[in-house]
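Asker: sequence and predicted structure below; questions after.
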Amino acid sequence: MPASSEVTRLLAAASDGDDAALDALLPLLYTELHALAHRQRQRQRGPATLNTTALLHEAYEKLAHADGRYANRSHFFRIAAQAMRQILVDYARRRLAAKRGGGDAAATFEDGGFAPDSRPEEIVALDEALVQLAQLSERQARVVELRYFAGFTLPEVADLLGISSATAWRDWVAAQAWLQQALGEG
């Protein structure tokens, strides 16, 4: 894992428009991004058609072509989680459009994991519900995004959002309850 001070220095330089700093930063964080993508894919049920490497490379592409304005390491990983969410939701939408949803096992929200190959309609519905949740509680929506779409643990989510682990847990439980009701999961 790269030294936090080096990451912070490169993030600051990238935010100031230094493209070379961004070019140096992304390879340093590649291992951490790969671990996130791998954790995410391990939670999947059924055969993987969007594998760890594909998810990572698409997220990496989005981050490399972003405006490079990252306030700090936590901000970078929050942006990475948003990129993974966009990729996975777009993937689900493409699957829906191609009518390849099939009879895979359903994902359950309680798992804290995400199975994008299971039922793409559930993923699209979750994304739409998260947009609504963000209007009520932006932080709860971010907790879900970081945990569910990027695979961060609750202590990691707390660290990334600058909140206590207890607050992250409360937000996670409240968001689960709201989303289950919004998605009709009882």
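Answerer: Looks like it came in fine.
Asker: low pLDDT regions in this protein?
Answerer: In the predicted model, the chain carries pLDDT under 70 at residues 1-4, 37-52, 64-69, 99-118, 185-186.
Asker: all helices of it, in order?
Answerer: Remark: helices assigned in the chain by DSSP state H are 4-15, 19-42, 52-64, 73-98, 120-136, 138-144, 154-161, 165-182.
Asker: my guess is residue 172 meets residue 143, correct?
Answerer: Yes. Counting by Cβ atoms under 8 Å, residue 172 does reach residue 143; the two are 5.4 Å apart. C-beta: built from backbone N, CA, C; applies to glycine.
Asker: joint contacts of the two?
Answerer: Both residue 172 and residue 143 are contacted by residue 157, under the criterion Cβ atoms under 8 Å, 6 or more residues apart in numbering.
Asker: neighbour count winner among these two?
Answerer: residue 143 (29 against 20; other Cβ atoms under 10 Å).
Asker: report the contact partners of that one.
Answerer: Residue 143 neighbours (Cβ under 8 Å, 6+ apart): 157, 161, 168, 171, 172, 175.
Asker: one more time with 7 Å
Answerer: Neighbouring residues of residue 143 by Cβ atoms under 7 Å, 6 or more residues apart in numbering: 157, 168, 171, 172, 175.
Asker: tally of neighbours for the closest residue to it other than its chain neighbours?
Answerer: Excluding the flanking residues, the one nearest residue 143 by Cβ to Cβ, 6 or more residues apart in numbering is residue 171, at 4.4 Å. Residue 171 has 23 neighbours, counted by other Cβ under 10 Å.
Asker: do the same with residue 23
Answerer: Residue 23, neighbours per other Cβ under 10 Å, totals 13.
Asker: and it, how far from residue 13?
Answerer: Separation of residue 23 from residue 13 (Cβ to Cβ, to the nearest Å) stands at 11 Å.
Asker: residue 179 versus the nearest residue to residue 87 once chain neighbours are set aside, what's the distance?
Answerer: Nearest non-adjacent residue to residue 87, counting by Cβ to Cβ, 6+ apart: residue 58, 4.7 Å away. Relative to residue 179, residue 58 is positioned 25 Å away (Cβ to Cβ).
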